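*Asks:* model the following, please.
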Amino acid sequence: MPRDLQGRYWAHGNFHSRVVTRMSTANHPRARGTTRFSPTPYPSSDSIIARMDADDDYWYHDTGADLHPRDFIFQARIQTARRLSQRAVRFPSRDLVLERLLEEGTFDREAPELRSHSEEYAMAHSSAMVNRLLMRIETLESQVCNLFVFVAFPLVNSCCPRFVRLERGLRP
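*Replies:* Next up, the predicted model:
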């Protein structure tokens with residue numbers, strides 16, 4: 001996963017010129033949910049980015065339970081940025097308006113726009129939630145599509161179109 005010495009992350013593909021930086025500059029003495037008597041060191045920007053660098057899909061299911069809220073949003077922004085770059089490859093006919101809205105909420109502001117941390121936090125939170133809902137919809141679409149192909153064409157190994165309309169004669 002691309003990152004630089006300042007702890008900024010940028011995604012591959014269409015979004016390679018946009019970056020995600022950590023909103024919080026606070027140094028927490030220990031991870032969220034641990035105590036003074038049994039401390040776990042707080043993750044740095046580099047370690048949060050490294051956790052999102054996994055080749056399998058575990059990076060997308062990391063809940064960030066040890067992170068404080070602003071750093072959790074930083075992690076969710078990285079997850080959203082990575083999924084946005086994957087979605088551009090997987091779905092060439094995707095909704096470009098929704099993609100732009102997600103892009104504006106996920107990545108840092110660029111000059112000449114002034115940065116507003118409260119606005120960026122709210123937009124990042126919203127884009128992360130929309131991304132999660134979009135992933136659920138895409139998963140359900142693929143499950144329905146696979147079921148349709150199995151029911152309608154059980155012996156044919158064919159590619160399923162993205163949206164399928166059930167006809168009366170094809171139902172079991």
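
*Asks:* kindly list the longest helix within this protein.
*Replies:* For the chain, the longest helix by residue count, based on DSSP state H, is helix 117-152.

*Asks:* could you say what helices and strands it packs with?
*Replies:* When contacts are defined as 3 or more CB pairs under 8 Å, 6 or more residues apart in numbering; DSSP states H and E, helix 117-152 packs onto helix 69-90, helix 96-106. Yep, even glycine has a C-beta here, placed from its N, CA and C like the rest.

*Asks:* average pLDDT for the shortest one?
*Replies:* Along helix 96-106, the predicted local confidence has a mean pLDDT of 90.

*Asks:* so where's this structure uncertain?
*Replies:* 1-8, 10, 12-17, 24-27, 29-30, 33-40, 111-112, 145-172 (pLDDT under 70).

*Asks:* try it again at 50.
*Replies:* Within the chain, the segments meeting pLDDT under 50 span 1, 157, 161-166, 171-172.

*Asks:* please report how far Asp95 lies from Arg18.
*Replies:* Note on Asp95: its distance to Arg18, by CB to CB, to the nearest Å, is 19 Å.

*Asks:* who has more neighbours out of these two?
*Replies:* More crowded of Asp95 and Arg18, by other CB atoms under 10 Å: Arg18, with 18 against 12.
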